[in-house]
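Undergrad: give me the fold of what follows.
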Amino acid sequence: MRIRNDRFPNGVHKALTISYDDGRVHDRRFVGKLNEYGLKGTFHLNSGFLGKEGYITAEEVAVLFKGHEVSAHTVDHPFLEQSPTEQILQEISEDRKALEQLVGYPVRGMSYPFGTYNDHVVSMLPALGIEYARTVASHGKFHVPADFLRWHPTCHHKMMVELAEHFVHLEQRHSRMALFYVWGHSYEFENDNNWEIIDRFGELAGGRSDIWYATNAEIVAYMQALDRLRYSADRRIVHNPSAMSVWISVEGEAVEIAGGQLVQL
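TA: The predicted structure is shown next:
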């Protein structure tokens with residue numbers, strides 16, 4: 001019996017996530033566009049910049065990003081690989097604390113300021129409660145990362161329409177999960193006077209039943225749950241010890257393994 005842990009929620013094999021940095025005032029318009037097209041985003045905020053000129057305020061964070069995810073980006077946006085260990089610790093942990101006070105849920109991810117990091121920075125993240133960290137090293141592909149602490153995106157939003165045309169027509173091959181990850185800064189749309197590309201992207205990639213629209217944290221949590229599945233030696237019994245449902249394929253057909261359930265395959 002051929003079994004693969006290769007499906008996203010509802011048995012689909014494609015997922016789309018969007019990741020934006022810095023918390024500039026243009027996030028307001030951008031979030032409105034995401035909501036219009038049913039897309040979900042993760043917004044990496046510097047708590048030390050909230051309320052400053054050109055940035056959103058702390059008071060609006062919870063309402064503005066409702067239905068999306070608020071994630072860390074450090075307090076003051078330093079080059080972490082050039083920072084003392086004590087400063088790295090403070091920048092990440094204090095940012096988490098401040099943002100968690102605003103949104104009321106654990107902040108478990110981040111993006112690297114300036115996209116820079118080193119092995120020492122990465123090694124500290126699990127102890128600081130960070131489960132994923134996004135880089136800016138776009139690869140142009142649609143694969144799930146091998147290392148969520150070095151999560152390389154598919155593309156910057158300047159390429160998202162072109163790649164969306166390929167992604168929506170992507171056929172499932174060899175039962176591989178396909179993840180489309182777009183990153184950027186909302187102020188770039190204003191600077192480049194190209195807000196219309198969000199509409200083009202939303203019209204192409206939004207509202208499709210064959211795509212799971214998720215935040216960064218939702219993708220990480222789902223993949224963790226999928227990895228926790230426990231199979232019998234002959235693969236005819238599977239136990240899902242997690243609270244959430246996950247989907248697998250059995251002889252090419254999607255099968256739901258509900259949270260906490262023991263399933264005969």
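
Undergrad: surely residue 4 is in a strand?
TA: Yes. Residue 4: assigned to a strand according to DSSP: H, G, I helix; E, B strand; the rest coil.

Undergrad: isn't it up against residue 247?
TA: No. Residue 4 is beyond contact range of residue 247, at 10.5 Å (criterion: CB atoms under 8 Å). C-beta here means a position set from N, CA and C on the backbone, and glycine is covered the same way.

Undergrad: where exactly do the strands run in the chain?
TA: Assigned by DSSP state E, the chain shows strands spanning 3-7, 14-21, 41-45, 69-72, 109-111, 132-134, 155-156, 178-184, 211-213, 230-231, 237-239, 246-250, 253-257, 262-264.

Undergrad: can you redo those as CSV with mean pLDDT, mean neighbour count and distance to residue 167?
TA: Putting the strands of the chain into CSV (pLDDT from 0 to 100; neighbours: other CB atoms under 10 Å; distance: least, CB to CB, whole Å) gives the following:
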stretch, mean pLDDT, mean neighbour count, distance to residue 167
strand 3-7, 94, 17, 17
strand 14-21, 98, 25, 7
strand 41-45, 98, 28, 17
strand 69-72, 98, 26, 21
strand 109-111, 98, 28, 22
strand 132-134, 98, 25, 19
strand 155-156, 98, 17, 10
strand 178-184, 98, 23, 5
strand 211-213, 98, 22, 8
strand 230-231, 96, 12, 31
strand 237-239, 97, 16, 30
strand 246-250, 96, 20, 20
strand 253-257, 95, 16, 20
strand 262-264, 93, 12, 31
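
Undergrad: any low-confidence regions in the stretch 151-265 of the chain?
TA: 172-175 (pLDDT under 70).

Undergrad: count the residues that sit near residue 48.
TA: The number of residues packed near residue 48 is 17, by other CB atoms under 10 Å.

Undergrad: what does residue 39 show for phi and psi?
TA: Main-chain dihedrals, residue 39, degrees, to the nearest 10: phi -100, psi 160.

Undergrad: okay, now it: neighbour count?
TA: For residue 39, the neighbour count with other CB under 10 Å is 23.

Undergrad: repeat that for residue 61.
TA: Count around residue 61 with other CB under 10 Å applied: 22.

Undergrad: just the local confidence number for the closest residue to it other than its chain neighbours, please.
TA: Spatial nearest neighbour of residue 61, chain neighbours left out: residue 102 (4.6 Å); criterion: CB to CB, 6 or more residues apart in numbering. Note on residue 102: pLDDT of 98.

Undergrad: separation between the residue nearest to residue 28 when sequence neighbours are not counted and residue 169?
TA: Spatial nearest neighbour of residue 28, chain neighbours left out: residue 64 (6.5 Å); criterion: CB to CB, 6+ apart. Going from residue 64 to residue 169 by CB to CB, to the nearest Å gives 33 Å.

Undergrad: compare these two and say which is more crowded by neighbours.
TA: Applying other CB under 10 Å to residue 64 and residue 169 shows that residue 64 carries more neighbours, namely 17 against 7.

Undergrad: for residue 137, give me its contacts.
TA: Contacts for residue 137 (CB atoms under 8 Å, 6 or more residues apart in numbering) come out as 115, 152-153.
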